[in-house]
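>>> Just to be clear, the model below is a prediction. Sequence and coordinates:
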Amino acid sequence: MSSSSFESIAAIPVRAAGLLCVLLAAGCAGLEREPPPPGAAQAEVVADAPTVADEPVVHAVTPAVAAEPEVYPAVVSTVAEPVTDSAPPPVVAEPAVRPVTPSAPRTTETSIAKTQVASAKPSAQSPVTPVLAEPPQKKESTAPRTGQQQAALDMAALEKRLRETKAIGVFTKITLKNQVDDLLNQFRAFYQGRIKATLAELRQAYDRLLLKVLALLQDGDQPLASEIVASRDAIWGILSDPVKFASL
Amino acid sequence: MKYVKTWMLVSVMAALFAAPSFAAEDPALLKDMTSVIALLGLPCGQVVSATQQADNDHIVSCTDGNLYRVFVNAEGRVVAEKQ
């Protein structure tokens, strides 16, 4: 009798420990299912807004950062703004477009504003919409100027890619450079009136040189060849304009 | 013994003088030379061998039998001279 009572008393702590474990497990499961309180949810969303806003930016930047870290603001502005110009679509060419740093905070503000709109109450949307309305107006005013900058900077990016491409050997690159320099000298002499060639003849020489470059690149570096084809008219636009050509 | 010493001397001399002729069959170099000669508008077909004479100076032979010296001159221009 006493031994059974002793055993029952000794079993109490064991039972209590088991019951405690069961209660803890039930409590943890309950925490996962339990929705967060409303106040904490909003605070978390607002606190996370910069990181959420940065996510699309980061994804867009990642391919370009590996190429050129200094063009991060350019890519940020490119991601937020709609493509209004007729420049080639590849991202590698576009990041070299804009060094405009003021666009980066504006873009970040736009992203944060969008996030706040998604998480805020309907009554709070009206003060937010003017923020969204501002950037498109600013974008339109800067589009023509940046279009010219895009063309100029695309040439620099194309030149760099052409120098670094593995589709062409070293001697071939030097030979192409010689021929490009010869063509530029022809243009220079044409604008100075030292030769009697016409612009149509220079265009033919330009097309021939471009065909040579494309023939060398089309098998080994097709993306670069495609970009050069897409930039063909833009490059001719610069060469055929005396003012733009003088700025080269 | 005399012949052994002679052959040893010949083999050593051959090893010393055979050093400059390397990379004669490098595919990338052959393709590069073919492209250069084509860009310069010279008849060649395809370069089958290229022997380096000096830095940026090669003697190349083509499938059509032409032999060219391809080098970079003092002005930095690539020149191909028919041999």
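Arrived safely. Residues are numbered from 1 along each chain as shown, chains lettered A, B, ... in the order given.
>>> I'd like to know how far residue A:206 sits from chain B.
From residue A:206 across to chain B, the span is 15 Å (Cβ to the nearest Cβ, to the nearest Å). Heads up, the C-betas are built off the backbone N, CA and C, glycines and all.
>>> Kindly report the residues of chain B close to chain A.
By the rule Cβ under 8 Å from any Cβ of the partner chain, the part of chain B lying against chain A is B:28-29, B:31-33, B:35-36, B:39-40, B:56, B:70, B:72, B:76-78.
>>> Out of those, list just those in helices.
Secondary structure from DSSP state H places B:28, B:29, B:31, B:32, B:33, B:35, B:36, B:39 of the residues of chain B next to chain A in helices.
>>> Just the buried ones out of these, please.
B:29, B:31, B:32, B:33, B:35, B:36, B:39 (16 or more other Cβ atoms under 10 Å in any protein chain shown).
>>> wait, which of these is closest to residue A:174?
Of all these, residue A:174 sits closest to residue B:36, with 8.3 Å by Cβ to Cβ.
>>> Isn't the closest one up against residue A:173?
No. Here residue B:36 does not reach residue A:173: they are 9.7 Å apart, not a contact under Cβ atoms under 8 Å.
>>> Could you count how many residues lie near residue B:66?
17 (other Cβ atoms under 10 Å in any protein chain shown).
>>> do the one 10 residues further on as well
Neighbourhood size, residue B:76 [other Cβ under 10 Å]: 11.
>>> if we can go back for a sec, kindly indicate which of the ones in helices among the residues of chain B next to chain A lies nearest residue A:188.
Closest approach between these and residue A:188, by Cβ to Cβ: residue B:39, at 21.8 Å.
>>> Okay, residue A:221 and residue A:168: tell me how far apart.
Applying Cβ to Cβ, to the nearest Å, one obtains 8 Å for the distance of residue A:221 from residue A:168.
>>> quick one, which of the two is more surrounded?
Comparing residue A:221 with residue A:168 by other Cβ under 10 Å, the one with more neighbours is residue A:168, at 23 against 19.
>>> so what pLDDT did the more buried one get?
Each residue has a pLDDT score; the one for residue A:168 is 94.
>>> go on, the one 4 residues further on?
Per-residue confidence for residue A:172 comes out at a pLDDT of 95.
>>> can you list the residues of chain A near chain B?
Contact residues, chain A versus chain B (Cβ under 8 Å from any Cβ): A:168, A:169, A:170, A:171, A:172, A:174, A:175, A:176, A:178, A:179, A:212, A:216.
>>> Sort out which one of those residues lies nearest chain B for me.
residue A:169 (2.7 Å; Cβ to the nearest Cβ).
>>> returning to that earlier point: just give me the closest of the ones in helices among the residues of chain B next to chain A to chain A.
Among those, residue B:32 lies closest to chain A (Cβ to the nearest Cβ), at 2.7 Å.
>>> which residues sit in contact with that closest one?
Applying Cβ atoms under 8 Å, 6 or more residues apart in numbering or on different chains to residue B:32 gives the contacts A:168, A:169, A:170, A:171, A:172.
>>> Which among these count as buried?
Using 16+ other Cβ under 10 Å as the burial test, the contacts of residue B:32 include A:168, A:169, A:171, A:172 as buried.
>>> from those residues, which two are the most distant?
Distance extremes for those: the farthest pair is A:168 and A:171 at 9.1 Å, using Cβ to Cβ.
>>> if I look at the two, which residues touch both of them?
Residues touching both residue A:168 and residue A:171 (Cβ under 8 Å, 6+ apart): B:32, B:35.
>>> that older thread, just put the buried ones among the ones in helices among the residues of chain B next to chain A in CSV and tack on pLDDT.
Converted to CSV, those look like this (pLDDT from 0 to 100):
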residue, pLDDT
B:29, 93
B:31, 93
B:32, 95
B:33, 95
B:35, 95
B:36, 96
B:39, 94
